[in-house]
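Colleague: Fold the following for me, if possible:
(chains A, B, C and D)
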There are 2 protein chains.
Amino acid sequence: MERTSFAGMRCSLARGLDRIGDWWSPLIIRDLYLGVTRFDDLVEDLGISRNLLARRLKALAANGMIARKAYQRRPLRYEYRLTEAGRDLIPALLALTAWGDRWAAPKEGSPMLHEHAACGCRFTPQVTCSACGEPIDAGSVMATRGPGGAAKAGTKVLARRLPPPTPGR
Amino acid sequence: MERTSFAGMRCSLARGLDRIGDWWSPLIIRDLYLGVTRFDDLVEDLGISRNLLARRLKALAANGMIARKAYQRRPLRYEYRLTEAGRDLIPALLALTAWGDRWAAPKEGSPMLHEHAACGCRFTPQVTCSACGEPIDAGSVMATRGPGGAAKAGTKVLARRLPPPTPGR
DNA sequence: ATCATCAAGTTCAATAATTGAACTAATATC
DNA sequence: GATATTAGTTCAATTATTGAACTTGATGAT
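Modeller: Numbers count the residues shown, from 1 in each chain, chains lettered A, B, ... in the order given. Modelled structure (predicted):
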């Protein structure tokens, strides 16, 4: 049967995953970000089936993550570029990559390093609190009910259990 | 055919995705983190097929993300808890959730809000530079070759194109 | 002119994964 | 003795993923 859609769930993680679309998409987005933007290059880089890549690119475009642009005429050829939404996903993918570096890196070490243009340093992406700037971890975060929450598929049990937000924050 | 494994790719994003396992897994991990830890509660909360949940829980346990623990005897009943690797994934999932809030939230608003226990504020997870602390975006990050990089499936083209790291950083 | 090449896909058959519904097993409660 | 709870397993139907071969439109070489 068709895979269950996460688009209607009352959970921004589920809805975000639904926009991304499938398992190959984060790698496609990473490749576009790093400059591998053409169909045949993506096939060669990722080892993905041409058939599946074509469908994924269409779906990502339909979801507003990427856009197809002609880079030459005669013969007409297209490449793919990230939209604003797609580019905005990059920091989250970098946070995931950093987790992969910590828990699943090859024995030779990290496949990729990152430098921050603004400060000129090699760095590790960190997830921090927008209020105090400190790195966050599972133990220091409390989830509360938001205005868009509902006890529907995806958060049926959760929505009932989440506490209301602390007043005055 | 069997889904292509990302485990051997020379890319920490791909290897990380492979550990997570599949599309339902981030939601399962979120639920375990938020206290929905029992089989039937997960089925009800997510609307996932019982059959598939059973397989996903086994795979996540095999990947070291979760652990099964008995919470009572007579009758013997189990619940699932995040391991250290699983808990360490939460900040990255929060970064993804924040992206979902920005680009895919329901019209009523965010389904869930977050408070930081350390500073007492409501906040948005941000991905920042570990060196200077500033928020990062796609334009301010440069990727370079790391020691574990290789022109294998998953980064065949990329590994050839990435610049070497800037010396002395 | 003809032939091979390139880039961006499409078409096809085989295999594997997801789904929903029904079933099992061990205890506890009415 | 009958029903409820909880954590799964089994099964058939439907989709999705895969890899290989094919298509299309144009360029460059012989």
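Colleague: Can you list the low-confidence ranges for chain A?
Modeller: Judged by pLDDT under 70, chain A has its weakly predicted residues at A:1.
Colleague: Can you list the residue ranges for strands in it?
Modeller: Under the criterion DSSP state E, chain A contains strands at A:66-72, A:77-82, A:112-116, A:121-123, A:125-129, A:141-145.
Colleague: Deepest in the core, which of those is it.
Modeller: Ranked by mean neighbour count, the strands of chain A are led by strand A:125-129 with a mean of 24 (mean count of other CB atoms under 10 Å in any protein chain shown). Every residue, glycine included, has its C-beta placed from N, CA and C.
Colleague: and the angle from it to strand B:125-129?
Modeller: 140 degrees (axes from the mean of the first three to the mean of the last three CA atoms, to 10 degrees).
Colleague: chain center to strand A:125-129, what's the gap?
Modeller: With CA atoms, centre = their mean, to the nearest Å as the basis, strand A:125-129 stands 15 Å off its chain's centre.
Colleague: do the same with stretch A:109-128
Modeller: Using CA atoms, centre = their mean, the offset of stretch A:109-128 from its chain centre is 18 Å.
Colleague: Kindly report the same for stretch A:5-23.
Modeller: The answer for stretch A:5-23 is 11 Å, by CA atoms, centre = their mean.
Colleague: any chance of the strands of chain A in CSV, plus distance to residue A:39?
Modeller: Output for these, formatted as CSV (distance: least, CB to CB, whole Å):
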stretch, distance to residue A:39
strand A:66-72, 10
strand A:77-82, 7
strand A:112-116, 23
strand A:121-123, 33
strand A:125-129, 29
strand A:141-145, 41
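Colleague: Between the ones you listed, which one is closest to DNA strand D.
Modeller: Smallest distance to DNA strand D across the strands of chain A (CB to the nearest atom of the strand): 8.3 Å, for strand A:77-82.
Colleague: what's next to that closest one, contact-wise?
Modeller: When contacts are defined by CB atoms under 8 Å, 6 or more residues apart in numbering or on different chains, strand A:77-82 is touched by residues A:29, A:32-33, A:37-39, A:57, A:60-61, A:65-71, A:90, B:138.
Colleague: Using PDB, write out every CA atom in the longest helix along chain A.
Modeller: The longest helix of chain A (DSSP state H) is helix A:84-104. C-alpha atoms of helix A:84-104 as PDB (Å, rounded to 0.1, in the frame of the first residue of the first chain):
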ATOM      1  CA  GLU A  84      15.000  29.200   0.200                       C
ATOM      2  CA  ALA A  85      13.300  26.500   2.100                       C
ATOM      3  CA  GLY A  86      15.800  24.000   0.900                       C
ATOM      4  CA  ARG A  87      18.800  26.100   1.900                       C
ATOM      5  CA  ASP A  88      17.200  26.700   5.300                       C
ATOM      6  CA  LEU A  89      17.200  22.900   5.800                       C
ATOM      7  CA  ILE A  90      21.000  22.800   5.500                       C
ATOM      8  CA  PRO A  91      21.800  23.700   9.200                       C
ATOM      9  CA  ALA A  92      19.500  20.900  10.400                       C
ATOM     10  CA  LEU A  93      21.200  18.500   8.000                       C
ATOM     11  CA  LEU A  94      24.600  19.700   9.400                       C
ATOM     12  CA  ALA A  95      23.400  18.900  12.900                       C
ATOM     13  CA  LEU A  96      22.400  15.400  11.700                       C
ATOM     14  CA  THR A  97      25.800  15.000  10.000                       C
ATOM     15  CA  ALA A  98      27.500  16.000  13.300                       C
ATOM     16  CA  TRP A  99      25.500  13.300  15.000                       C
ATOM     17  CA  GLY A 100      26.600  10.800  12.300                       C
ATOM     18  CA  ASP A 101      30.200  11.900  12.900                       C
ATOM     19  CA  ARG A 102      29.900  11.100  16.600                       C
ATOM     20  CA  TRP A 103      28.100   7.800  16.400                       C
ATOM     21  CA  ALA A 104      28.600   6.300  12.900                       C
END
